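Enquirer: Turn this into a model:
(2 chains)
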Amino acid sequence: MSLVEKPKFRETGVIELGELEKLGLLPPRERLAKGPVAILECPEEIPCNICVPFCPTKAIQMDTIIALPRVQWDRCTGCGVCVAVCPGLAAFVVDLSKPDADYVTFPHEFLPAPRVGERVVLMNRRGEVVGEGKVVRVWERNKTYVVTVKAPKWLGLEVRAIWVKK
Amino acid sequence: MPLRDRRIYEHPILAFHRGRKVIFYFEGQPVEAYEGESVAVALYALGVDVFSWSPRLGRPRGSFCMIGKCSSCFMTINGVPNTKACKYPVREGLVVERQRGWGVLRESASVENSTPISSERIETDVLIVGGGPAGLVAALTAANYGLDVVVVDEHFKLGGQLLKQTHKFFGSVELFGGLRGFQIAEELARKIRESGRIKVLTSSVAYGVFRGGLVGVASESTHYVVKPRALIATTGAQERSLDFPNNDLPGVVGAGGAQTIMNEFGVEPGENALVVGSGNVGLIVAYQLLQAGVRVSAVVEIMPEIGGWFVHAAKIRRYGVPILTRHTIKYVEGAERVERAVVAAVDEKFNFVPGTERTYDVDLVLLAIGLEPDSRLAIQAGAVVKYVPELGGFAPIRTRLLETTVKNMFIAGDASGIEEATTAMLEGRVAALAAVSRLVESSASSRALEEAEKILNFLWNEYRASPLLARARRGKEAVSIAESVLEELRKKYPAPVSFG
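Expert: Numbers count the residues shown, from 1 in each chain, chains lettered A, B, ... in the order given. Next up, the predicted model:
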């Protein structure tokens, strides 16, 4: 057995907020309260830097191709380009600044294509249904739909997938 | 006939442009297929699961790898038994029969049904065996230096296993990162067509290397004898099987085989799947099954942790697919196809824990337990190989520039030890540049070596520095030797052939 303790997410396939925070992948509370911001749930040293050149505000930094992505939170505008291009489908944008609801932007690669105004099922990182949301924006890039959903308040950091009812 | 229609008509990523309809005969009945499909895929789409019955026990056999490596889909086609149905394109009027046992080659079959074989001798600078990511990049690299190149591939389309990869590639933009695998295949194939220096022989098998540095290549109508000045083997890999009761039942399919069926040809491999193995292949195929509308009951992993990258695991977990670590498959049951699979927990010594069995009613069990380098051509040519578990099996010993102990025979991609497509493309470039350096005048030669050095530096010092690639890196280190050691090995184990 290795002496280095393996992170729990290597066993479960689910990352907890505490682990994201420890790795510097979770925006600080004050930044979250300000408006839309990217969360890159990319906790391993994958040889990949696709998000870096595509970020329009140059907010993502990586020293080497295997480094973890570092988001400069104040440069990030929450535009969602990283959501569209991340090969690991690990980029999300959350907006926790509104009083009545949280807004979450996901990559979505399933049919039927989500449509604005539609009610969708919201799921957490474990695939558990946690509520219902409304699609407020959809755009597409190389077959990945980038979908923004209005979710019940306090679910912004939990919801990570949607399912469109057929 | 037809029993059902398993073709996929709507897919979130792929558009299936089917060719014109053709009619062929299956056990005497006319059946419809689309041009561009293989016989195996066309029959699978119609609901045929059993392609033959085994010689001794008469057990039903289906398809496993779908890329011509495993011999599970042998059928009698136009009177010729033991024809790989997965590699045989459908054609108007073909006569296809399932065989019981070995099949019989009627003496008249060869006369009645085959076209006359012509022969052709080809002299070329570089022969590349295998038109996947490593081979295609190698071909383009060599052609860029003004060399003549021949690429041979068993399949009727170029691209190798990129053809069935629907996920976006990792890496960087320069390494095709961000593009989906099949898009990379399209891009490379287009550049090959436009190059003008690359001759492509598809549906052709490089069956052996012979004295005098000749390579025999067989296609259906022509026998080629190729004399290259350098040979690059980019022969890829084959999927491993796993021992468990009834593992030969149709519906037990290689994960890559299922990808070929659903992503290359647009046919549902099953309705409800269990995936065995949680490496990247297992995790990615589980996600792709969901995209194709197939239910995934679970992914089972015998080790205490997930094998592949977290991001791939997270992608299926958030859609509710469980990943059971410390669990593996115990057996499957079914009449002519898998009807259920039983999995159980294992202890520290990988023994089943009694009382932990769970039964899944699935018709598809995908084995994603690893690949094995296809080093047959290198071994046949006399290259020294080494068994390296981290690389999935026997891999040729090679220098940093990927030359084997057979002079001017290079190796790249999964055939050189299992890694993934991005490193395969990088290795393809290195192998081609090394070959180029032997064949061109001195200033171009040093330019090629400089370029190779740059790629090697990136590959070893940046890319493979990822802890997630540590195992493969260890494996590649175990077969990489210095030039001086290569010379010693050549003296000790002289190869019967050389090129150049």
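Enquirer: how much space is there between the residue of chain B most remote from its centre and chain A?
Expert: Centroid-distance maximum for chain B: B:Gly355 at 37.9 Å, with Cα atoms, centre = their mean. Between B:Gly355 and chain A the computed distance is 22 Å (Cβ to the nearest Cβ, to the nearest Å). (Each C-beta comes from the backbone N, C-alpha and C, glycine too.)
Enquirer: contacting residues for that residue?
Expert: Shown here is B:Gly355, which makes no contacts under the criterion Cβ atoms under 8 Å, 6 or more residues apart in numbering or on different chains.
Enquirer: you'd agree it is in a strand?
Expert: No. Checked against DSSP: H, G, I helix; E, B strand; the rest coil, B:Gly355 lies outside a strand; its state is coil.
Enquirer: so where do the helices sit in chain A?
Expert: A:9-12, A:17-22, A:29-34, A:51-54, A:81-85 (DSSP state H).
Enquirer: go on, the stretch 151-300 of chain B?
Expert: Secondary structure of the stretch 151-300 of chain B, counting by DSSP state H, counting those that start in this stretch: helices at B:181-195, B:255-259, B:280-291.
Enquirer: Please enumerate residues in contact with the first one?
Expert: Contacting residues not belonging to helix B:181-195 are listed as A:142, B:14, B:133, B:136-137, B:139-140, B:143, B:151, B:157-167, B:169, B:176, B:179, B:198, B:200, B:263-264, B:421 [Cβ under 8 Å, 6+ apart].
Enquirer: Which ChimeraX command selects the buried ones in those?
Expert: Buried members of the contacts of helix B:181-195 can be picked out in ChimeraX with the line below, counting by 16 or more other Cβ atoms under 10 Å in any protein chain shown:
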select /B:14,133,136,137,139,140,143,151,158,159,160,161,162,163,164,165,166,167,169,176,179,198,200,263,264,421
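Enquirer: In strands, which of the contacts of helix B:181-195 fall?
Expert: B:151, B:198, B:200 (DSSP state E).
Enquirer: ok, and the helix or strand in chain B with the lowest average confidence?
Expert: Within chain B, no helix or strand scores below helix B:107-113, which has a mean of 58 by mean pLDDT, DSSP states H and E.
Enquirer: Mind giving me the packing neighbours of the helix or strand following that one?
Expert: Counting by DSSP states H and E, the next helix or strand C-terminal to helix B:107-113 is strand B:118-129. Helices and strands touching strand B:118-129, by 3 or more Cβ pairs under 8 Å, 6 or more residues apart in numbering or on different chains; DSSP states H and E, are helix B:133-144, strand B:149-152, strand B:222-233, helix B:421-439.
Enquirer: Please repeat the previous calculation with a cut-off of 10 Å.
Expert: Under the contact definition 3 or more Cβ pairs under 10 Å, 6 or more residues apart in numbering or on different chains; DSSP states H and E, strand B:118-129 sits against helix B:133-144, strand B:149-152, strand B:198-201, strand B:205-210, strand B:214-218, strand B:222-233, strand B:409-411, helix B:421-439.
Enquirer: Deepest-packed of the ones you listed, please.
Expert: Greatest average neighbour count among the helices and strands packed on strand B:118-129 goes to strand B:409-411 (a mean of 31), per mean count of other Cβ atoms under 10 Å in any protein chain shown.
Enquirer: before we move on, back to that, is it possible to get a markdown table of the helices of chain A that adds mean neighbour count?
Expert: Listed next are the helices of chain A as a markdown table, based on neighbours: other Cβ atoms under 10 Å in any protein chain shown:
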| stretch | mean neighbour count |
| --- | --- |
| helix A:9-12 | 19 |
| helix A:17-22 | 14 |
| helix A:29-34 | 13 |
| helix A:51-54 | 19 |
| helix A:81-85 | 24 |
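Enquirer: right, and the ones you listed - which one's nearest chain B?
Expert: Among those, the nearest to chain B by Cβ to the nearest Cβ is helix A:9-12 (4.4 Å).
Enquirer: right, is the closest one up against chain B?
Expert: Yes. Judged by Cβ under 10 Å from any Cβ of the partner chain, helix A:9-12 comes into contact with chain B at A:9-12.
Enquirer: that older thread, will you turn the helices and strands packed on strand B:118-129 into CSV that also has distance to B:Leu468 and mean pLDDT?
Expert: Shown next, in CSV, are those (distance: least, Cβ to Cβ, whole Å; pLDDT from 0 to 100):
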stretch, distance to B:Leu468, mean pLDDT
helix B:133-144, 19, 98
strand B:149-152, 31, 98
strand B:198-201, 34, 98
strand B:205-210, 34, 97
strand B:214-218, 37, 98
strand B:222-233, 27, 98
strand B:409-411, 24, 98
helix B:421-439, 12, 98
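Enquirer: Out of the ones you listed, which is closest to chain A?
Expert: Of these, nearest to chain A by Cβ to the nearest Cβ is helix B:421-439, at 7.6 Å.
Enquirer: With only the CA atoms kept, save the closest one in CSV.
Expert: C-alpha atoms of helix B:421-439 as CSV (Å, rounded to 0.1, in the frame of the first residue of the first chain):
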residue,chain,number,x,y,z
ALA,B,421,-3.9,8.5,-29.1
THR,B,422,-2.1,11.8,-28.3
THR,B,423,1.1,10.0,-27.4
ALA,B,424,0.6,7.7,-30.4
MET,B,425,0.6,10.8,-32.7
LEU,B,426,3.7,12.2,-31.0
GLU,B,427,5.5,8.8,-31.4
GLY,B,428,4.4,8.6,-35.0
ARG,B,429,6.1,11.8,-35.7
VAL,B,430,9.3,10.8,-33.9
ALA,B,431,9.5,7.5,-35.7
ALA,B,432,8.9,9.2,-39.0
LEU,B,433,11.5,11.8,-38.3
ALA,B,434,14.0,9.1,-37.3
ALA,B,435,13.3,7.3,-40.5
VAL,B,436,13.6,10.5,-42.5
SER,B,437,17.0,11.2,-40.9
ARG,B,438,18.3,8.0,-42.4
LEU,B,439,17.0,8.7,-45.9
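Enquirer: Skip ahead from that helix and say which helix or strand is next.
Expert: Once the chain leaves helix B:421-439, the next helix or strand it forms, by DSSP H and E, is helix B:442-461.
Enquirer: Now do that next one against helix B:133-144, angle only.
Expert: Orientation check (axes from the mean of the first three to the mean of the last three Cα atoms, to 10 degrees): helix B:442-461 against helix B:133-144 gives 160 degrees.
Enquirer: And for helix B:442-461, what's in contact with it?
Expert: A:47, A:64-65, B:141-142, B:144-147, B:172, B:174-175, B:400-402, B:419, B:422-423, B:425-427, B:429-440, B:463-465, B:473, B:476-477, B:480 (Cβ atoms under 10 Å, 6 or more residues apart in numbering or on different chains).
Enquirer: just to revisit the earlier point, and the helices and strands packed on strand B:118-129: which comes nearest B:Gly279?
Expert: helix B:421-439 (14.3 Å; Cβ to Cβ).
Enquirer: which bits of the stretch 351-500 of chain B sit near chain A?
Expert: Going by Cβ under 10 Å from any Cβ, the residues of the stretch 351-500 of chain B near chain A are B:420, B:422-423, B:458-459, B:461-469.
Enquirer: go again using 7 Å as the cut-off
Expert: Taking Cβ under 7 Å from any Cβ of the partner chain as the measure of proximity, the stretch 351-500 of chain B contacts chain A at B:462-463, B:465-469.
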